[in-house]
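Chemist: Let's see this in three dimensions:
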Amino acid sequence: MKESKPHQLYSFLKRWFISTIFISVVTFLQFYWSMGTLSERVSSGCIDCSFFEDAVYISLIAGGFLSIVFSLLFFVKKIFFKASVEFLFLIFVWLFWNYTLFVDRESSWSTYDFNSEIQYTISLSFLPVTVLGCLCVVILHYQEIKARFVS
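Modeler: Numbers count the residues shown, from 1 in each chain. Now for the predicted structure:
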């Protein structure tokens, strides 16, 4: 039986809202795991801003952006392709924000060159981004994975 348009819209908005909250929480955890060593450092852009505030705001922005991008991939039926694209988006967005936090809290106070900034950000971020990115994508697609691989 086909669902009505208002019910489909409600279902879509509910799924989008839940995924936004979930991605924001995982993003917040990723920031503290990968960049937590910088939490005591002073921000060069805002002396009074705490690491916690920055992590919350960035997590909400990243969660909203990523859930919009993931919603655009909703109609892709190949789960492996969709999960791979989403994982790559997570990696790039998280590394971008980790780099931004690193530059704001560490390298702006020192003499890092661009290559050193990238290397240091990747070295701090590799394990958290990989583990939490895989976990996030698997949980977001749990129902589809379960339906496909469990008879």
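
Chemist: OK, contacts around Ser34?
Modeler: Trp94, Asn98, Leu124, Ser125, Leu127, Pro128, Val129 (Cβ atoms under 8 Å, 6 or more residues apart in numbering). The way it works is simple: take the backbone N, C-alpha and C, and place the C-beta from them, glycine included.

Chemist: no, scratch that, I was asking about Lys146
Modeler: So Lys146 contacts nothing (Cβ under 8 Å, 6+ apart).

Chemist: Local confidence estimate at it?
Modeler: With respect to pLDDT, Lys146 scores 77.

Chemist: From Val138, how far off is it?
Modeler: For Lys146, the distance to Val138 equals 10 Å [Cβ to Cβ, to the nearest Å].

Chemist: Also Thr27?
Modeler: Distance, Thr27 to Val138, by Cβ to Cβ: 16 Å.

Chemist: Which of these two has more residues huddled nearby?
Modeler: Thr27 (24 against 12; other Cβ atoms under 10 Å).
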